[in-house]
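1. Okay, structure incoming, though there's no sequence with it:
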């Protein structure tokens, strides 16, 4: 039973909505559902239909295909009748007993909050199929409980029902291709959500049934069930929508490769690229199920998801949108959900990552005109970071960028609980210093390409950083301090942020220094699942990411393993060891742990956000994280790993 509950599937609709559950379709998260609709793409996500319970009536008895975990046990036990599950081209289940068989599959319509389930009698006898849709209509972070306001008033028609979850709410629609609707309303109470229990959150939820659809299904026949929040009736029939989506899913991929893992990573990566309503442009969700789009995550992720993969128009759309929000030289940490919302700018590195991402863009597409159109924005970033901007961000005498005010989380190590910043990192963080140096060097590179004279203050800044970085950051133990305030504070916590001093396009360290730092990173932080955020020997190391939100956030960057850092780690490995069939095979061998995770554990065809620091084998956090997938894609493409 554990496998049936721990393994999850996920399909998406390109606007932030999705369908997802365990492979038994017993929900284990508040985020699970057959239709999780995005009402303000890609946010405002509501679990409209958490699940469908199926029953087969054959030979005088009922057979339940559904599975639920309640407070007092598991009922029914439909997972015992599940004979097969496959994810491609769409999630498909086979249920069977000695005298019957049924195939169930599910798709989402691209660009629409619409889910379609297909049921086909693949056996030799006819049976009566009952489909019991369960409703919730709840914010996907929350657990709906039975209450008098949420009554799911429904208008019943010949082949669909129109349901209003509560008074004056917008309706959603349930329609079916065959069968009759039987009114039989009831609350399903005290469903237990095991993954929410693990996270220390509310783990008991109630679902509501208005009634069920009943139809006699003969061998070879099929019926379809559709849920939508769109205007009804839909432009096409349910059958046409299902067929069209299936055709899209089975098209020959544009990026041709014989490496199945690489191809499946490409497919997985495409799920993060979505439309944003407030900007009327493309964006990248940071992770499923619960993250929205974040400035830093977008810029890091798009290097592997859109630039490497040759999606020029999408890359330009994302960069144009991001830079339109430039203010005080800073980019948003999080996009506003509505145009009138206040923009959040608490990210020191998002603006600096813009330079690196544009450098990748130019190296891929060689479009100097697009770069030229962004030079004023890059100049604005350099100017504001030099003279000073929000959160006491400013350049100091040594050429470094000083970051921070009490109470604000500004780097990627941004956990904050009840107002307490877990890793404040006030001062000059090592990766910010190297991002700043790379911003200056990349700007200089673009100036040369465009025959623009670079201001002397920036060439002076480059010289200062080159003169001071080694003496201030490189310590006598052969690695880099994590955060410094020159001649005042030297934080010797051994963290992975120093990898950026080796991996970014422009570096200051010599070969021996690179080898020294890399060897220590390999010894203390490397795992096949990613890099630890703190070495095991440190007194602040937390080896397990578990417990309530405070416990989990406290462990988030205190040892927890992050897969996205593998892109930087193996880039340095190739730099130090050369690019050859042997080194490529070594890296592919190191991918095996994540490959097994991708195909067999937690989110299927997903790479988790994080792993435990001490025993990193079980995925934690989001089941599918954009920059985790992007990291492997970038390595595959940059180093032609699929051609070994």
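-> Sure, I can see it. The structure presented is a predicted model; accordingly, all values stated were derived computationally and were not measured.
2. From here on, just use CA atoms for contacts and neighbour counts.
-> OK.
3. any chance you could map the helices in the stretch 351-500 of the chain?
-> 368-387, 430-450, 456-473, 500-503 (DSSP state H, counting those that start in this stretch).
4. Packing partners of the first one?
-> Okay, so that is helix 368-387. helix 350-365, strand 394-395, helix 430-450 (3 or more C-alpha pairs under 8 Å, 6 or more residues apart in numbering; DSSP states H and E).
5. I would like the residues contacting the longest one, please.
-> Residues from elsewhere that reach helix 430-450, judged by C-alpha atoms under 8 Å, 6 or more residues apart in numbering: 348-349, 352-353, 355-356, 359, 368, 371-372, 378, 382, 400-401, 453-454, 458-459, 461-462, 465, 473, 480-484, 497-501, 504-507.
6. what residue ranges in the stretch 101-250 of the chain score low on pLDDT?
-> Residue ranges of the stretch 101-250 of the chain with pLDDT under 70: none are present.
7. Domain ranges for this structure, per the record?
-> For the chain, automatic domain parsing gives the domain ranges 2-249, 260-643.
8. Dump these to CSV, plus mean neighbour count.
-> Listed next are the domains of the chain as CSV, based on neighbours: other C-alpha atoms under 10 Å:
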stretch, mean neighbour count
domain 2-249, 19
domain 260-643, 19
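9. So which of the helices and strands packed on helix 368-387 is nearest residue 202?
-> With respect to residue 202, and counting by C-alpha to C-alpha, the nearest of the helices and strands packed on helix 368-387 is helix 350-365 at 33.5 Å.
10. What lies in contact with that closest one?
-> Residues outside helix 350-365 that contact it (C-alpha under 8 Å, 6+ apart) are 295-296, 299-300, 302-303, 307-308, 310, 312, 329-333, 368, 371, 378, 381, 435-436, 438-439, 442-443, 504-505.
11. what's the angle from it to helix 430-450?
-> In terms of direction (axes from the mean of the first three to the mean of the last three C-alpha atoms, to 10 degrees), helix 350-365 departs from helix 430-450 by 50 degrees.
12. what is the rounded mean pLDDT of helix 350-365?
-> Averaged across helix 350-365, pLDDT comes to 99.
13. for stretch 312-328, same thing?
-> 97.
14. circling back to that earlier point, JSON lines for the helices and strands packed on helix 368-387, including distance to residue 188?
-> Listed next are the helices and strands packed on helix 368-387 as JSON lines, based on distance: least, C-alpha to C-alpha, whole Å:
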{"stretch": "helix 350-365", "distance to residue 188": "45"}
{"stretch": "strand 394-395", "distance to residue 188": "57"}
{"stretch": "helix 430-450", "distance to residue 188": "51"}
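15. wait, which of the ones you listed is closest to residue 628?
-> Among the helices and strands packed on helix 368-387, helix 350-365 sits nearest to residue 628 (C-alpha to C-alpha), with 16.7 Å.
16. Show me what the one helix or strand residue 19 maps to pairs with in its sheet, parallel or antiparallel.
-> For residue 19, the host element (DSSP states H and E) is strand 18-22. Partner strands and pairing direction for strand 18-22 (DSSP bridges) are strand 8-12 (antiparallel), strand 33-40 (antiparallel).
17. now whichever helix or strand comes after the last one, how far from the chain's geometric center?
-> Along the chain past strand 33-40, the next helix or strand (assigned with DSSP H and E) turns out to be strand 43-49. In terms of C-alpha atoms, centre = their mean, to the nearest Å, the centre of strand 43-49 is found 17 Å from the chain centre.
18. Which pLDDT value belongs to residue 80?
-> Residue 80 carries a pLDDT value of 96.
19. a helix runs through it, doesn't it?
-> Yes - assessed with DSSP: H, G, I helix; E, B strand; the rest coil, residue 80 lies in a helix.
20. follow-up on the earlier one: looking at the helices of the stretch 351-500 of the chain, spot the one closest to residue 262.
-> Of the helices of the stretch 351-500 of the chain, nearest to residue 262 by C-alpha to C-alpha is helix 500-503, at 22.5 Å.
21. Now do that closest one: everything it contacts.
-> Contacts of helix 500-503 (C-alpha under 8 Å, 6+ apart): 430, 431, 434, 435, 507, 508, 509, 514, 568, 569, 571, 572.
22. For that helix, what does the pLDDT average out to?
-> Average pLDDT, helix 500-503: 99.
23. Please apply the same query to stretch 443-454.
-> Averaged over stretch 443-454, pLDDT sits at 98.
24. To residue 3, which of the helices of the stretch 351-500 of the chain lies closest?
-> Here helix 500-503 is closest among the helices of the stretch 351-500 of the chain (C-alpha to C-alpha), at 37.9 Å.
25. elements contacting the helix or strand following the closest one?
-> Moving toward the C-terminus from helix 500-503, the first helix or strand encountered (DSSP H and E) is helix 511-524. Packing partners of helix 511-524 (3+ C-alpha pairs under 8 Å, 6+ apart): helix 566-577.
26. What lies in contact with the helix it packs on?
-> 499-500, 502-504, 511, 515, 518, 530-531, 583, 587, 631-632, 634-635.
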